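>>> Dropping a prediction and its sequence here:
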Amino acid sequence: MRALVVAIPLALLPVVAAADVAAPEPAVRCAPRPGLSDADRIREGREAFTRGVRAFAAGEYATATTAFEEAWCLTRQAPILYNLGQSYARGGKPRDAVRVLRAYLAESPRSPQRAEVERQIERLEKPGG
């Protein structure tokens with residue numbers, strides 16, 4: 001089964017500045033980026049997300065992972081966690097994929113992909129998953 005990377009225009013999603021996030025960061029450790037305006041976060045997040053989608057499509061999962069991590073740190077948009085989880089899974093890092101996909105489900109409890117992601121987590125948690 002081929003994983004789908006969700007390409008959501010970041011301009012349509014609200015941006016939450018890193019300092020505004022109250023919960024601890026369960027998915028990705030983000031380096032502080034003080035001084036970035038919301039507009040810069042949107043622009044840089046969109047650029048990183050686009051790089052991730054392109055890298056994923058090219059089968060460059062390590063590059064996609066790095067780009068999606070950057071996009072998440074800049075924008076904190078839950079769909080990015082889904083994409084990041086797919087990159088980890090395809091890149092042979094099932095533990096990281098499970099961690100990030102669980103964070104995605106926590107951030108998006110009503111996700112239309114919930115059942116699919118839960119099944120994927122089960123597969124990834126099996127030995128040799």
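Structure received. The model shown is predicted, which means the values in this text are computed figures rather than measured ones.
>>> Please make it C-alpha for all contacts and neighbour counts, starting now.
Noted.
>>> Now residue 94: closest residue in space that isn't a chain neighbour?
residue 124 (5.6 Å; CA to CA, 6 or more residues apart in numbering).
>>> does the one you found sit in a helix or strand, and which one?
Using DSSP states H and E, residue 124 maps to helix 114-125.
>>> again, but for residue 102
Applying DSSP H and E as the criterion places residue 102 in helix 94-107.
>>> Could you check the angle that helix makes with helix 114-125?
Orientation of helix 94-107 against helix 114-125 (axes from the mean of the first three to the mean of the last three CA atoms, to 10 degrees) gives an angle of 160 degrees.
>>> And the contacts of helix 94-107?
Applying CA atoms under 8 Å, 6 or more residues apart in numbering, the contact partners of helix 94-107 are 26-28, 78-79, 81-82, 84-89, 111, 114, 117, 121, 124-125, 129.
>>> Local confidence estimate at the residue nearest the centre of the chain?
Centroid-nearest residue in the chain, with CA atoms, centre = their mean: residue 81, separated by 2.3 Å. Confidence at residue 81, expressed as pLDDT, is 96.
>>> From residue 73, how far out is it?
10 Å (CA to CA, to the nearest Å).
>>> can you check residue 117 too?
In this view, residue 117 and residue 73 are 22 Å apart by CA to CA.
>>> So which of those two has more stuff around it?
Between residue 117 and residue 73, counting by other CA atoms under 10 Å, residue 73 is the more crowded of the two (24 against 20).
>>> That one reaches residue 36, doesn't it?
No. With contact defined as CA atoms under 8 Å, residue 73 does not reach residue 36; the gap is 12.0 Å.
>>> For the helix holding residue 124, name the packing helices and strands.
With contacts taken as 3 or more CA pairs under 8 Å, 6 or more residues apart in numbering; DSSP states H and E, helix 114-125 sits against helix 94-107.
>>> List every C-alpha atom in the helix it packs on, with coordinates, as PDB.
Extracted C-alpha coordinates of helix 94-107, given in PDB (Å, rounded to 0.1, in the frame of the first residue of the first chain):
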ATOM      1  CA  PRO A  94       9.300   2.600  12.700                       C
ATOM      2  CA  ARG A  95       9.600   3.800  16.300                       C
ATOM      3  CA  ASP A  96       9.900   7.400  15.200                       C
ATOM      4  CA  ALA A  97       6.900   6.900  12.900                       C
ATOM      5  CA  VAL A  98       4.800   5.500  15.700                       C
ATOM      6  CA  ARG A  99       5.800   8.300  18.000                       C
ATOM      7  CA  VAL A 100       4.900  11.000  15.500                       C
ATOM      8  CA  LEU A 101       1.700   9.300  14.200                       C
ATOM      9  CA  ARG A 102       0.500   9.000  17.800                       C
ATOM     10  CA  ALA A 103       1.200  12.700  18.200                       C
ATOM     11  CA  TYR A 104      -0.700  13.300  15.000                       C
ATOM     12  CA  LEU A 105      -3.800  11.500  16.400                       C
ATOM     13  CA  ALA A 106      -3.500  13.400  19.600                       C
ATOM     14  CA  GLU A 107      -3.400  16.700  17.700                       C
END
